[in-house]
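Novice: How does the following fold in three dimensions:
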Amino acid sequence: MNAEELEARYRQQSHRSRELFERGRYYTAGAAKGAYYYPPYPLTMDRGEGCYLWDVDGHRYIDCGNHHTAQILGHADPAVAAAVQAQLQKGVALGAATGIESEIARAMCRRVDSLERIRFVNSGTEATLHAIRLARGFSQKGKIAKFEGGYHGNHDAVEVSVAPPLDQAGPADAPYAVPTAGGISPSAASEALILPFDDEEAVDKLVAAHADELACVIFDPKCGVLETRPDFARAVREITRRHDVLLIFDEIVAFRSAWGGLQAVYGIDPDLTCFGKVVGGGFPVGAFGGRADIMDLFDNSQGPTGFFQSGTFSAHPVAMAAGLATLEQMTAKNLDRLNGLGTRLKEGLDALFAEQSIPARTVCTGSVFSLYFSEGPVASYRALAATDKAPLQPLFFSLLEQGYFLGQPGLGMCSLSLAMDESHIDGLVAAVHKGLAA
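Specialist: Predicted coordinates:
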């Protein structure tokens, strides 16, 4: 079955989704948000429970997207629902601290060794925005460094070289800064130093050359989902420390990898860390924290510091209650089980690809995974950009027909949930086999 036939079948089976998309796009300028759209139009979901989703046309799917990795427990988790309901009975938001924000702050600091202080905001974007602003103020330097292909939210400082066209990206060992989105500040690109992923020698050279003007290096050690060498991640920490540049770890997705996050797995102690996704239990959330001497610049209880962070919905009590209920279930035992499902998936898919002589790879960080059609390793943005994209959308539609929802046709940044078991993983491997055979 070719791509056109699969798309035609998709259209036949999703009339209601198409109607709702066409009705809404006039008012929302396309899909309600950019990540929801894929051609010819996205599915509209009606409800979720456990590891399942139901769309408005009545089809059920095993959810392997889990709301951009945020739903680590699956959908409608009873403990999260009970915590949210208990908080709602006290009030949605009271215009003052309620105590729940202190509980989850203490829980986070106990989990992550590098966290001495933490602040909560409304999104991962806000977390990286405030962490970078704090790094600039603390260091009294204005430039930042980020890795080519790294996504850290949608504010001007970091929306540079997220997915640059290769003909504009410059040398592999000294990438150009390429604005990603229309309308960002004209100075954003000039204030960002772009580092190559998986090349510690080049990173050392670039950071050394710009250390006097660098406030920080912001680093997502999986950079989407790439085949990251732990030694490379540790080298980034050593390089930044040697050149006296602050390191901001982006754990917005990777925090689900272990009790103390991916930094615990790699044995890295960043100066600041950004969080999001699972920390809100499905509600809008972001957080950032780290060294006390940096974070205490926000402590205006000791008098004016010249620094300030707030927001009407920051540390919202409902999100804090949902997040705390989620963290309580993210035990080391549960995370080991979940990561074991990720390993089972990778081993099953890799065996399938080898058996069928298919040039494809499964890249898995704990319970987050991506599928790439590539002959060689996918360890940098440029390797990712060179992968074969043609099979992705047909495979996505084939998996939908078989009852598996992987978020988007790109089949990147997919994730598993604690509501799954081995049967769901083995079923997904079988579905990929059937899809590729078709």
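Novice: C-alpha from now on. contacts and neighbour counts both.
Specialist: Fine.
Novice: measure residue 305 to residue 138 for me?
Specialist: Note on residue 305: its distance to residue 138, by C-alpha to C-alpha, to the nearest Å, is 11 Å.
Novice: err, residue 379, not the other one
Specialist: On the measure of C-alpha to C-alpha, residue 379 and residue 138 end up 33 Å apart.
Novice: ok, back up a step: could you check which of residue 305 and residue 138 is surrounded by more residues?
Specialist: Shown here are residue 305 and residue 138; by other C-alpha atoms under 10 Å, residue 138 has more neighbours (16 against 12).
Novice: did I read that right, the more buried one in a helix?
Specialist: Yes: per DSSP: H, G, I helix; E, B strand; the rest coil, residue 138 lies within a helix segment.
Novice: Can you give me the pLDDT of it?
Specialist: Note on residue 138: pLDDT of 97.
Novice: Quick check: which element contains the closest residue to it other than its chain neighbours?
Specialist: In space, and not counting its chain neighbours, residue 138 is closest to residue 294: 6.5 Å by C-alpha to C-alpha, 6 or more residues apart in numbering. Element membership for residue 294, per DSSP states H and E: helix 292-295.
Novice: And residue 249, by the same measure?
Specialist: Assessed by DSSP H and E, residue 249 sits inside strand 246-250.
Novice: which other helices and strands contact that strand?
Specialist: When contacts are defined as 3 or more C-alpha pairs under 8 Å, 6 or more residues apart in numbering; DSSP states H and E, strand 246-250 sits against helix 124-139, strand 214-219, helix 230-242, strand 272-276.
Novice: can you rerun that using 6 Å?
Specialist: If contacts are counted by 3 or more C-alpha pairs under 6 Å, 6 or more residues apart in numbering; DSSP states H and E, strand 246-250 sits against strand 214-219, strand 272-276.
Novice: Relative to residue 146, tell me which of these wins on proximity.
Specialist: When the helices and strands packed on strand 246-250 are ranked by proximity to residue 146, the top entry is strand 214-219, at 5.3 Å, counting by C-alpha to C-alpha.
Novice: got the angle for that closest one vs helix 230-242?
Specialist: 170 degrees (axes from the mean of the first three to the mean of the last three C-alpha atoms, to 10 degrees).
Novice: Only C-alpha atoms, please: export strand 214-219 in PDB.
Specialist: What follows is strand 214-219, C-alpha atoms only, in PDB (Å, rounded to 0.1, in the frame of the first residue of the first chain):
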ATOM      1  CA  LEU A 214      29.600  33.700  27.400                       C
ATOM      2  CA  ALA A 215      27.000  33.900  30.300                       C
ATOM      3  CA  CYS A 216      26.100  30.200  29.900                       C
ATOM      4  CA  VAL A 217      25.900  27.100  27.800                       C
ATOM      5  CA  ILE A 218      22.400  25.600  27.700                       C
ATOM      6  CA  PHE A 219      22.600  21.900  27.000                       C
END
